[in-house]
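J.: I would like the atomic coordinates for the input below:
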Amino acid sequence: MILLLFLAWFAAELFVVIEVAGAIGVGATILLLILSWPIGAWALRTQGRAAWRRLSEAVAAGRSPGREVLDGVLVLLGGLLLIVPGFISDIVGALALLPPTRALLRGGLARNLQSRFVVSATRFGNASRPSDVDSTATDVDQAQLRP
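T.: Numbers count the residues shown, from 1 in each chain. Take a look at the predicted model:
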């Protein structure tokens, strides 16, 4: 499944690059793709420092750093997507780096992670020990268990 998504992403990136090259020319397209690398590295460095500073401040203040951790993940993802060549990845990376859209992404990511955590925690709890929902269990004398 992941391989299929990766191949679909690659095909979409290739299609967009070909369309952009047809519209503005091959040289300009290559120049745009090359310029996104240093911009991504710069954004990763500056936004990453800011996210790290906010994380440190939250920990020092004794607050839960959940928001800051998610911001750091989105900044890392955004910077890496800007470094990866391709226009779709550049757009998604820029959206992850801009504070207003990052707040939207953070909210969706937090809801998704929270629901996944609750589901996995409930599965783990149910699988780790049996429960007697109908209260039908009875105590058995140890002498009856050994023949």
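
J.: got phi/psi on residue 140?
T.: phi -120, psi 130 (degrees, to the nearest 10).

J.: next one: residue 65
T.: Backbone torsions for residue 65, taken as degrees, to the nearest 10, come to phi -90, psi 30.

J.: could you find the closest non-adjacent residue to it?
T.: Distances taken as CB to CB, 6 or more residues apart in numbering put residue 58 closest to residue 65, at 4.1 Å, once the chain neighbours are dropped. For glycine as for every other residue, the C-beta is placed from the backbone atoms N, C-alpha and C.

J.: and that neighbour, how far is that from residue 80?
T.: Relative to residue 80, residue 58 is positioned 23 Å away (criterion: CB to CB, to the nearest Å).

J.: for residue 91, same thing?
T.: According to CB to CB, residue 91 stands 14 Å off from residue 80.

J.: quick revisit: now do the same contact list for the residue nearest to residue 65.
T.: 64-65, 67-68 (CB atoms under 8 Å, 6 or more residues apart in numbering).

J.: so among these, which ones count as buried?
T.: In the contacts of residue 58, burial by neighbour count holds for 65, 67-68, counting by 16 or more other CB atoms under 10 Å.

J.: I figured residue 33 hits residue 17, correct?
T.: Yes: applying CB atoms under 8 Å, one finds residue 33 in contact with residue 17, separated by 7.4 Å.

J.: quick check: neighbours shared by the two?
T.: 86-87.
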